[in-house]
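In: Structure for the following, please:
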Amino acid sequence: MELKKLMASVIVHDGETIEKALKRFQKVASSN
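Out: Residues are numbered from 1 along each chain as shown. Okay, the predicted model is just below:
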């Protein structure tokens, strides 16, 4: 897995809930 991609997926965007960010992170993590 690419660390940069992983780090980018962990960052919570403005107006985004932590739950949403976590779901996106899990999606990215499972696709690698």
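In: Report how many residues lie close to K5.
Out: Neighbourhood size, K5 [other Cβ atoms under 10 Å]: 13. Just so you know, the C-beta spots here come from the backbone N, C-alpha and C atoms, and that holds for glycine as well.
In: Give me the residues contacting whichever strand or helix holds it.
Out: Per DSSP states H and E, K5 falls inside helix 3-10. Residues outside helix 3-10 that contact it (Cβ atoms under 8 Å, 6 or more residues apart in numbering): 21, 24-25, 28-29, 32.
In: so after it, what's the next helix or strand?
Out: With secondary structure assigned by DSSP H and E, helix 3-10 is succeeded by helix 18-31.
In: counting contacts, what elements does that following helix pack onto?
Out: Helix 18-31 sits against helix 3-10, with contacts defined as 3 or more Cβ pairs under 8 Å, 6 or more residues apart in numbering; DSSP states H and E.
In: hmm, back to that, just the buried ones among the contacts of helix 3-10, please.
Out: With burial judged by 16 or more other Cβ atoms under 10 Å, the buried subset of these is 24-25, 28.
In: any chance of those in TSV, with pLDDT and distance to G15 too?
Out: Shown next, in TSV, are the buried ones among the contacts of helix 3-10 (pLDDT from 0 to 100; distance: Cβ to Cβ, whole Å):
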residue	pLDDT	distance to G15
R24	83	14
F25	82	17
V28	85	19
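In: what number of residues lie near I18?
Out: Using other Cβ under 10 Å: I18 sits among 9 other residues.
In: Renumber starting at 897 from here on
Out: New numbering, starting at 897: the last item is I914.
In: distance of it from E898?
Out: From I914 over to E898 the distance is 23 Å, taken as Cβ to Cβ, to the nearest Å.
In: And for Q922?
Out: Using Cβ to Cβ, we find Q922 at a distance of 16 Å from E898.
In: just K919 next, same as before
Out: Separation of K919 from E898 (Cβ to Cβ) stands at 19 Å.
In: same thing with A917?
Out: To E898, A917 is 18 Å away according to Cβ to Cβ.
In: any weak-confidence spans in the chain?
Out: 897, 905, 908-909 (pLDDT under 70).
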